[in-house]
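A.B. asks: have a look at this fold, sequence not included:
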């Protein structure tokens with residue numbers, strides 16, 4: 001079921017954003033801050049050559065090292081079954097990573113491309129209500145994804161509800177009876193609760 005949701009999200013995003021729009025936004029960066037070329041990203045603090053090298057090292061070092069999977073790693077009946085489970089597991093992980101990366105890239109495209117300026121203004125206005133600059137920056141992609149993915153508001157309601165110990169905050173937000181998508185009052189209550197917890 002999760003794989004179907006990933007495929008549907010992938011198709012919806014690729015029908016909404018053209019590859020030309022995505023590359024225009026990613027390529028429109030100053031020298032030394034490239035989001036496409038890891039060798040030209042030395043001025044970016046969080047995503048540069050060191051990040052890429054760290055991911056490669058962790059991928060090699062962490063192969064079959066997660067202790068929670070130790071039973072699955074040793075439960076194969078034949079060496080072929082063990083090898084194939086590793087290959088299929090890697091493919092599943094690559095698919096999940098691709099969808100998550102595409103979600104972030106499409107959110108950045110939604111916020112920065114002139115074709116979506118009118119729709120993105122609501123997301124920018126909502127992000128500007130967050131007082132803490134770090135939280136505002138961290139919430140820019142989830143806020144941008146809200147109009148892109150109809151279930152996003154419902155997920156926020158569900159996530160915020162599971163984090164809350166007091167159900168009275170969610171008197172206006174019952175995700176089981178919510179319309180498709182959640183009503184604005186529901187998402188506002190959930191969003192404000194999620195950002196303050």
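C.D. replies: Good, I have the coordinates. The shown structure was predicted, so the numbers you read here are calculated from the model rather than taken from an experiment.
A.B. asks: give me the nearest residue to residue 28, chain neighbours excluded.
C.D. replies: Sequence neighbours aside, residue 112 is the residue nearest to residue 28 in space, at 7.6 Å (criterion: C-beta to C-beta, 6 or more residues apart in numbering). In short, each C-beta sits where N, CA and C put it, glycine included.
A.B. asks: you'd agree that neighbour is up against residue 26?
C.D. replies: No. Using C-beta atoms under 8 Å, residue 112 is not in contact with residue 26; the gap is 9.2 Å.
A.B. asks: so who does the residue nearest to residue 28 touch?
C.D. replies: Neighbour list for residue 112: 25, 28, 120 [criterion: C-beta atoms under 8 Å, 6 or more residues apart in numbering].
A.B. asks: against residue 119, how distant is it?
C.D. replies: Here the criterion is C-beta to C-beta, to the nearest Å. By it, residue 112 lies 12 Å from residue 119.
A.B. asks: repeat that for residue 104.
C.D. replies: Counting by C-beta to C-beta, the separation of residue 104 from residue 119 is 18 Å.
A.B. asks: how long is stretch 108-128 from one end to the other?
C.D. replies: 16 Å (C-alpha to C-alpha, to the nearest Å).
A.B. asks: what's the following helix or strand after the helix or strand containing residue 109?
C.D. replies: Per DSSP states H and E, residue 109 falls inside helix 79-112. Where DSSP H and E defines the elements, the next helix or strand beyond helix 79-112 is helix 117-128.
A.B. asks: what's the first helix or strand after that following helix?
C.D. replies: Sequence-wise, the next helix or strand downstream of helix 117-128 (DSSP H and E) is helix 133-138.
A.B. asks: I'd like the average pLDDT over that following helix.
C.D. replies: The average pLDDT within helix 133-138 is 89.
A.B. asks: can you give the distance of it from its chain's centre?
C.D. replies: Helix 133-138 sits 15 Å away from the centroid of its parent chain (C-alpha atoms, centre = their mean, to the nearest Å).
A.B. asks: likewise for stretch 18-29?
C.D. replies: With C-alpha atoms, centre = their mean as the basis, stretch 18-29 stands 18 Å off its chain's centre.
A.B. asks: now do stretch 40-55
C.D. replies: Worked out by C-alpha atoms, centre = their mean, stretch 40-55 lies 19 Å from the chain centre.
A.B. asks: how about stretch 6-16?
C.D. replies: Centroid separation for stretch 6-16 versus its chain: 13 Å, with C-alpha atoms, centre = their mean.
A.B. asks: and it, which residues are buried?
C.D. replies: Of the residues in stretch 6-16, 6, 9-10, 13 count as buried by neighbour count, 16 or more other C-beta atoms under 10 Å.
A.B. asks: repeat that for stretch 102-122.
C.D. replies: The neighbour-count check on stretch 102-122 (16+ other C-beta under 10 Å) flags 102-103, 105-113, 116, 120 as buried.
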